[in-house]
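Undergrad: no sequence for this one, just the structure:
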């Protein structure tokens, strides 16, 4: 499993972000470490390359590691830490320029699914897409660097089956239910696409939490879930139950 290191100038910011990630991805197999702050009890603002190096040595012992950083000098400290690592350890580490909080949550959920380092990196990089869509609508951001999550639906074959569900959560398909949604999808040998019939949008191929959030599904929206693969019916049955149960909220 890919582990995650959060490098921040503020220990409180990093710890709060780590807590959010753990709520979304509670698996004990996912290791999340913090290297943040300096001085006694990490109360001063700053970053420590030696602390980062020690955390990376621990996290990368047997697994790949994704590192998210908050500000420029955190990047410099991480680069310095990488230079102090053995080459074999450093080769398992990847720095990610995604938004710190959103990227960490997206990466944590994806890593919790047992995804590869590249898949976790891509999900983190796409973490702002749902917020951009919610605020800007169809207008593109000035300098968007968003991975296209509405990838080809050729992965869903002609044998697909479908079911209609209604979003009943007051806050819609926001981060927590979206995380549970994708965790359910990944349990089965099936591919899933979702169409927001209320918004009359194109089908979205579901591969991570962000793609689920990009549906823009609000309370009352009707969604068409279409699955293909050997576990299609079991997947749709469990997803239908989740929607009926308001995702436990």
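TA: Perfect, I can see it now. None of these values were measured; they are calculated from a predicted model. Numbers count the residues shown, from 1 in each chain.
Undergrad: What is the worst-scoring helix or strand of the chain on mean pLDDT packed up against?
TA: Least confident helix or strand of the chain, by mean pLDDT, DSSP states H and E, is helix 129-136 with a mean of 83. Helices and strands touching helix 129-136, by 3 or more C-beta pairs under 8 Å, 6 or more residues apart in numbering; DSSP states H and E, are helix 209-213. Glycine gets a C-beta too; all of them are placed from N, C-alpha and C.
Undergrad: list the helices and strands the helix it packs on packs on?
TA: helix 100-112, helix 129-136, helix 175-185, strand 204-205.
Undergrad: run the last query once more with 10 Å
TA: helix 100-112, helix 117-125, helix 129-136, helix 175-185, strand 191-196, strand 204-205 (3 or more C-beta pairs under 10 Å, 6 or more residues apart in numbering; DSSP states H and E).
Undergrad: got the contact list for the residue positioned nearest the centre of the chain?
TA: Nearest to the geometric centre of the chain sits residue 106, at 1.7 Å (C-alpha atoms, centre = their mean). When contacts are counted by C-beta atoms under 10 Å, 6 or more residues apart in numbering, residue 106 touches 21, 24-25, 98-99, 120, 122-130, 175, 178-179, 208-210, 213.
Undergrad: give me that answer again for 8 Å
TA: By C-beta atoms under 8 Å, 6 or more residues apart in numbering, the contact set of residue 106 is 98, 123-124, 126-127, 208-210.
Undergrad: how close does it sit to residue 62?
TA: Using C-beta to C-beta, to the nearest Å, we find residue 106 at a distance of 23 Å from residue 62.
Undergrad: got it, and residue 89?
TA: With C-beta to C-beta as the criterion, residue 89 and residue 62 are 11 Å apart.
Undergrad: Which one of the two is surrounded by more residues?
TA: residue 89 (17 against 8; other C-beta atoms under 10 Å).
Undergrad: Now that one: phi and psi?
TA: The phi and psi values for residue 89, taken as degrees, to the nearest 10, are phi -70, psi -50.
Undergrad: Tell me, how many residues neighbour the residue nearest to it when sequence neighbours are not counted?
TA: Distance criterion C-beta to C-beta, 6 or more residues apart in numbering; nearest residue to residue 89, sequence neighbours excluded, is residue 60 at 4.9 Å. By the criterion of other C-beta under 10 Å, residue 60 has 21 neighbours.
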